[in-house]
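give me coordinates for this.
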Amino acid sequence: METKRFAKNDSGFLCKHCGKEVPPLQYSSRNHCPFCLWSLHVDLLPGDRACTCGGLMKPHAVTLHPRKGFLITHKCTSCGEEKNNRSQQDDDTDLLIRLTNPYNRT
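This is a model prediction of the structure:
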């Protein structure tokens, strides 16, 4: 039996890090807050919401991919797992650029 590698899950949510209301993305699955870039460790595979960790995932690095654009590396503050996620059109561009510089990472 083939396992789906991506499940579309485009729900809006209240960010657990900054508290802002995050609207649905409309064209793909919403993975992180566009205001602070933080995420929750809720997926085993993109969009499946099957991970039981539930920890906050800190955006600790951003790299620029020639075809995919900005890739955000999130690190779970509970279990330490790292995952890469594409940035989205409504993400805070200034914050993305700041996180591409290793000397400005928070």
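
in this structure, which spans are helices?
Taking DSSP state H as the criterion, the chain contains helices spanning 93-100.

residue 88 is in contact with residue 33, isn't it?
No: applying C-beta atoms under 8 Å, one finds residue 88 not in contact with residue 33, separated by 10.3 Å. All C-beta spots, glycine's among them, are computed from the backbone N, C-alpha and C.

centre-most residue in the chain?
For the chain, the residue sitting closest to the mean C-alpha position, by C-alpha atoms, centre = their mean, is residue 32 at 3.7 Å.

so who does the closest residue to that one other than its chain neighbours touch?
Spatial nearest neighbour of residue 32, chain neighbours left out: residue 39 (3.9 Å); criterion: C-beta to C-beta, 6 or more residues apart in numbering. By C-beta atoms under 8 Å, 6 or more residues apart in numbering, the contact list for residue 39 reads 31-33, 56-57, 59, 74, 85.

is residue 85 bridged to anything, and to what?
For residue 85, the beta-bridge partners under DSSP bridges are residue 72.

quick check: it touching residue 29?
No: judged on C-beta under 8 Å, residue 85 makes no contact with residue 29 at a distance of 9.8 Å.

compare residue 88 and residue 33 and say which one has the larger neighbour count.
residue 33 (23 against 17; other C-beta atoms under 10 Å).

run a quick neighbour tally on the nearest residue in space to the more buried one that is not next to it in sequence.
Using C-beta to C-beta, 6+ apart and skipping the chain neighbours, the partner closest in space to residue 33 is residue 15 (4.1 Å). With neighbours defined by other C-beta under 10 Å, the count for residue 15 comes to 19.

fine, thanks again, bye for now.
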